[in-house]
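[1] take a look and give me a structure for this.
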Amino acid sequence: MDQTASGRVLLHADNRSDAEAGEQAVVAASLDAAFYLRRYGDVREARLDPAAHYCDAGWREGRDPAEWFDTSFYLRANPDIWAAAVNPFWHFLVQGCHEGRLPQPQGRIWRRELETALPPAQRPAYWSVRDDAPPLSAAALGGHVQAACCGARGLVVALSHDRYIEVPGGTQLLIADEQRKFNGDGAVYLHLSPVAARLGLAPPQDGPIWLNVILDGAMLGIATAEDAAEALSALPGPVRRLLVVHNLHGQQPETVVSLAAALRPSRSIFWVHDFGAGCGSPRLLRNDIAFCGAPPAASMACRICVYGSERAVHLARVDALFRGVAFDLVAPSAIALDLWQRAAPVPVASVSVHGHAALLPCPDSTPPVTLDRSPARVAFVGYPAFHKGWGVFRELALAARDLGNYQFFHFASADALLAHDGLTSVAAETSPAQPFGMVRALVAWRIDLVLALSPWPETFGYVPLEAIAAGADVVTTEASGNAAAEVSAAGRGVVLADDAAVLDWFLHGAAARHAMARRRDPMAPLMLRHGGSAATLAFDGAPVSTTDPDLHLLLDGVRIDGKRALNRWRFRLPRTSSESRTLRLRSRHFQPVWDTLHGADTRRLGVAVTSLRLNGKRVAADDARRRAAGWHPPESGWQWTNGDAKLCVGRAQRLDVGLLPLGTYWQAPLLAP
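    Next up, the predicted model:
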C-alpha cells in the first residue's frame, strides 16, 4: 500500500477487487496521464500511477483527470453522483455522457482567460538576457555601427518586441526576410528590442531601458536606449537612413521619439502587425476573451475591461509618438488598416497596404489524386493560445475523438507542444533558418484540414497561407479578419459563422466529407512566396530588383567604384608597399529562388565572377587569394561571392572583374536616392 499526502491509502493492483480494477481500467483508457502528472507534482514526484491515484484519492480531492473534465463541477452539477460517492469521471464515461451530462461548465474555453486577465501595469515583464550579450557603451555601439556602414548604401534601424533571430513566428520571419533583403541592397540593419519583454507599452521610468542589439542578423550585445540614441546621433556621413517600427511591445514611445531624433531618418515606417498602438490589448480582446472593436476610451465597454483604466493614457503616449515622428503607416491588409485607424486615430504622413506574402501558381506541378479512405487529418498550427483558437480546437478534438473519421494533430515548435490525450504532436516551426519549415511538415504528414480560429481580426495570417501552400484546406470563421479573406480569395477551405458552426460542421461529418472530396479532386497546387517587408516597399512604384549589381571595392574603409564596359569592371587601386593588402569585393545580392518553397539553392549569393585579373595577370579560381572569406566553391565557368568577398591584391594597382549576367539583384526602393 502507498499513502497520499492527504493520508488516504492507495491499494496496489493486486489488492483491488474486480469492480475496482474494472473502474480503474475504464478511467485509465481516457485519463490524460501527461496532463495529470504535469499538473499534480506530488503524484509525479511520488511516481504514482495516475489512474490509480485518481480512482483512490484524486477525484475526492477535486483533481481533474484531463483538461476537458472538471471533477468539482461534475459533482456540483450532479448531486446524485456526489451523494452516492461515485467516481465522477468513471460515471461520465460509462453513463453520464449518454445522459447529456456536461464534463465541464459551459464557457470554460474562455473562463480561464477571463479569470487571469490583468491590467498591463500589473503584468510582470519577462527579463531575458543572453549570457553572451555584453553591455555596450555608446562609443562601443557607435564603433560597431560605423564600421559596418563603411561603403554601405544605407542604415536601417528596426524596432520590435523580441530577438527575431531566435524566436519562431510570422513577425520574426518577416523581420529576418526584411534584414536579408536590405543587406542584399548593401544596407546595414540594426535591430533593437527590449530586454524586458512584455505585452503592451513599457511604463515610464527613471532607470535605463535596456535593449537587445542585433547587427545584420548577429547578436552584438545589450545597450541602454540612451546610449543607442547617442551612438546613432554621432554617426557621420550622408548614409541614407530608415526607421522601421514593427511593434511597440515592451518599448517606451518616448524612447522611440529619442531614437528617431538621433537617427534623423529620411523615412519612418510603422507596421500594423497588431492593434497594440490602440490599446494595451494588441488583439482588441476585452478582458482577453471577446473582440471589442476598439470603442471610445471613455465608453462603458472600456470601463468594464481590465485594459480600460489605462487606455486613455496609452492612447495619449502613442499620440505623442506619432506627433513626434512622421510615420508612414503600412498595413499588411486593408482589413488591418481600417481597424487600426479606428483603434488609434493618430496623425500619419501616409497610409498604404503591403502584404507580407502571396500565393502563386506552382509551375509544372500536378495535384496528387488519392483514394485514401483513412480518417481526415486535422491540424492546429502554432502556439496553443486562446487568441489563436486553441480552446475551440481542443473542445472539437475531445468531442470528435470517438467518431472515428478524424485524426487530430498539433504542429508547433518543440517547446510549445503540450502532451494531450488524442492528439499527435509534431515539432515543426517557421523560422529565419527554416522559412518553409511548417509547410514542409504539413506536407509530410498529409494534413487535410488546418483550423485557423482566431477570435479577433488577424491583420495578415501566415498560418492559412502556409496550410494552403501545403495542400491543405483551411477552416476559419468570419471573426478571423484577414485570415478569412485569404481563405475566400484562394477558395481553399470554408469560412463559417462562428465557433459553434465549426463544431457542428465537424461533428455532423461535413468536414470529413469535405476532406474526402478534396482527396479525390484536389485543386491546383499553390506556392508561398515571402517578401512583403519594408525592403520591398515602394511608395512611388519603384522596382524591387535591378540588373545593376553595384559592384565596388572597400579598401581601408573607403569605397572604390570602377568603370564598367558591358559585364566587365576595371578598378584602379592606390599605390602601396604592402604585399598582403586585402580588399573586399562587394555587391548587391543576386535575387535567389529560396523565397519560395520549391527553391533548392539557399545560399546567400552576390555576383558570379567569370574572370579576375590583377595588373593584367589572371587569378584562377583555385588560387589561394580566391579562397578567402566570402567565396563559394567554384562552379563550371564561374565562382559566386556572397556579396562581400575578401581578396588579397598586394601591391597591384589594377583589378579587372568579369561577371556572368545571370539575372537580377535586390534593390530596396526606399534606399534609392
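[2] list the contacts of the most centrally placed residue in the chain.
    For the chain, the residue nearest the mean C-alpha position is residue 169 (1.3 Å; Cα atoms, centre = their mean). Applying Cβ atoms under 8 Å, 6 or more residues apart in numbering, we find residue 169 in contact with residue 430. C-beta coordinates here come from the backbone N, C-alpha and C atoms, glycine included.
[3] just the pLDDT for it.
    pLDDT, residue 169: 83.
[4] start the count at 76, not 1, going forward
    Fine by me, first position is 76 from now on; the one you just mentioned is residue 244.
[5] and the gap between it and residue 415?
    Counting by Cβ to Cβ, to the nearest Å, the gap from residue 244 to residue 415 is 20 Å.
[6] next one: residue 586
    On the measure of Cβ to Cβ, residue 586 and residue 415 end up 33 Å apart.
[7] same check, this time on residue 399
    19 Å.
[8] and these two? Which one has more around it.
    Using other Cβ atoms under 10 Å, the more surrounded residue of residue 399 and residue 415 is residue 415, with 25 against 15.
[9] check the more buried one and give its pLDDT.
    pLDDT, residue 415: 95.
[10] so it sits in a strand?
    No. Assignment of residue 415 by DSSP: H, G, I helix; E, B strand; the rest coil gives helix, placing it outside any strand.
[11] what about the nearest residue to it once chain neighbours are set aside, neighbour count?
    Closest residue to residue 415 apart from its sequence neighbours, by Cβ to Cβ, 6 or more residues apart in numbering: residue 347 at 4.7 Å. The number of residues packed near residue 347 is 26, by other Cβ under 10 Å.
[12] and the one 3 residues further on, by the same measure?
    For residue 350, the number of neighbouring residues by other Cβ under 10 Å comes to 22.
[13] looking at this, it is in a strand?
    No. With three-state DSSP as the criterion, residue 350 is located in coil rather than a strand.
[14] roughly how far apart are it and residue 229?
    30 Å.
[15] likewise for residue 725?
    32 Å.
[16] so those two - more neighbours on which side?
    Each of residue 725 and residue 229 has its neighbours counted (other Cβ under 10 Å); residue 229 has more, 21 against 15.
[17] residue contacts, that one?
    Residue 229 neighbours (Cβ under 8 Å, 6+ apart): 257, 260, 261, 262, 263, 314, 315, 316, 317, 743, 746.
[18] show me what it bridges to in the sheet.
    residue 262, residue 315 (DSSP bridges).
[19] now do the same for it: its pLDDT.
    We have a pLDDT of 94 for residue 229.
[20] so how many other residues sit close to residue 621?
    Count around residue 621 with other Cβ under 10 Å applied: 16.
[21] list the contacts of the residue lying closest to it once chain neighbours are set aside.
    The spatially closest residue to residue 621, leaving aside those adjacent along the chain, is residue 742, at 4.3 Å (Cβ to Cβ, 6+ apart). Residue 742 sits next to 260, 617, 618, 619, 620, 621, 663 when contact means Cβ under 8 Å, 6+ apart.
[22] surely the third one is within a helix?
    Same thing as residue 618. No. Counting by three-state DSSP, residue 618 is not part of a helix but coil.
[23] other SSEs contacting the lengthiest helix in the chain?
    Among the segments of the chain that qualify as a helix by DSSP state H, the longest is helix 383-399. When contacts are defined as 3 or more Cβ pairs under 8 Å, 6 or more residues apart in numbering; DSSP states H and E, helix 383-399 packs onto helix 328-338, helix 375-378.
[24] which of those is buried the deepest?
    Burial of those is given as mean neighbour count (mean count of other Cβ atoms under 10 Å); helix 328-338 ranks first at a mean of 20.
[25] who touches the helix or strand that that helix is followed by?
    Moving toward the C-terminus from helix 328-338, the first helix or strand encountered (DSSP states H and E) is strand 342-346. Strand 342-346 has contacts (Cβ under 8 Å, 6+ apart) with 317-322, 335, 352, 397, 400-407, 423-424, 609, 612, 745.
[26] give me that answer again for 6 Å
    317, 318, 319, 320, 321, 400, 402, 403, 404, 405, 609, 745 (Cβ atoms under 6 Å, 6 or more residues apart in numbering).
[27] cool, stretch 578-588 as well?
    451, 471, 475, 480.
[28] tell me how far that stretch lies from the chain's centre.
    30 Å (Cα atoms, centre = their mean, to the nearest Å).
[29] list the buried residues for that stretch?
    By 16 or more other Cβ atoms under 10 Å, the buried positions in stretch 578-588 come out as 578, 580, 581, 586, 587.
[30] re the thing from before, how about the contacts of residue 742 in a markdown table, adding pLDDT and distance to residue 202?
    Shown next, in a markdown table, are the contacts of residue 742 (pLDDT from 0 to 100; distance: Cβ to Cβ, whole Å):
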| residue | pLDDT | distance to residue 202 |
| --- | --- | --- |
| 260 | 94 | 35 |
| 617 | 85 | 42 |
| 618 | 88 | 44 |
| 619 | 89 | 39 |
| 620 | 90 | 42 |
| 621 | 93 | 44 |
| 663 | 95 | 39 |
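[31] show the subsequent helix or strand relative to the lowest-mean-pLDDT helix or strand in the chain.
    None of the helices or strands of the chain scores lower by mean pLDDT, DSSP states H and E than strand 84-85, at a mean of 37. Sequence-wise, the next helix or strand downstream of strand 84-85 (DSSP H and E) is helix 93-105.
[32] contacts for that next one, please.
    Counting by Cβ under 6 Å, 6+ apart, 126, 130, 164, 165, 168 sit against helix 93-105.
[33] show me what counts as buried in it.
    So helix 93-105, judged by 16+ other Cβ under 10 Å, has buried residues 95, 98, 99, 101, 102, 103, 105.
[34] I figured residue 544 hits residue 603, correct?
    Yes. If you go by Cβ atoms under 6 Å, residue 544 and residue 603 touch, sitting 3.8 Å apart.
[35] would you map the strands across the stretch 126-275 of the chain?
    Ranges of strands in the stretch 126-275 of the chain, per DSSP state E, counting those that start in this stretch, are 201-202, 229-234, 262-269, 271-272.
[36] and after the helix or strand hosting residue 515, which helix or strand comes next?
    Per DSSP H and E, residue 515 falls inside helix 512-519. Where DSSP H and E defines the elements, the next helix or strand beyond helix 512-519 is strand 524-527.
[37] mind checking how far the helix or strand that that following strand is followed by is from the chain centre?
    Proceeding N to C from strand 524-527, the next assigned helix or strand is helix 537-544, under DSSP H and E. Relative to its chain's centre, helix 537-544 lies at 13 Å (Cα atoms, centre = their mean).
[38] what does helix 537-544 contact?
    Counting by Cβ under 6 Å, 6+ apart, 245, 432, 434, 456, 513-514, 525, 527, 549, 558, 561-562, 565, 567, 601-603 sit against helix 537-544.
[39] export the contacts of strand 342-346 to JSON lines and tack on pLDDT, neighbour count and distance to residue 220?
    JSON lines is the format used below for the contacts of strand 342-346 (pLDDT from 0 to 100; neighbours: other Cβ atoms under 10 Å; distance: Cβ to Cβ, whole Å):
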{"residue": "317", "pLDDT": "98", "neighbour count": "24", "distance to residue 220": "14"}
{"residue": "318", "pLDDT": "98", "neighbour count": "24", "distance to residue 220": "14"}
{"residue": "319", "pLDDT": "98", "neighbour count": "27", "distance to residue 220": "16"}
{"residue": "320", "pLDDT": "98", "neighbour count": "24", "distance to residue 220": "18"}
{"residue": "321", "pLDDT": "97", "neighbour count": "25", "distance to residue 220": "19"}
{"residue": "400", "pLDDT": "98", "neighbour count": "21", "distance to residue 220": "20"}
{"residue": "402", "pLDDT": "98", "neighbour count": "24", "distance to residue 220": "23"}
{"residue": "403", "pLDDT": "98", "neighbour count": "18", "distance to residue 220": "23"}
{"residue": "404", "pLDDT": "98", "neighbour count": "22", "distance to residue 220": "27"}
{"residue": "405", "pLDDT": "97", "neighbour count": "23", "distance to residue 220": "25"}
{"residue": "609", "pLDDT": "96", "neighbour count": "26", "distance to residue 220": "18"}
{"residue": "745", "pLDDT": "94", "neighbour count": "25", "distance to residue 220": "19"}
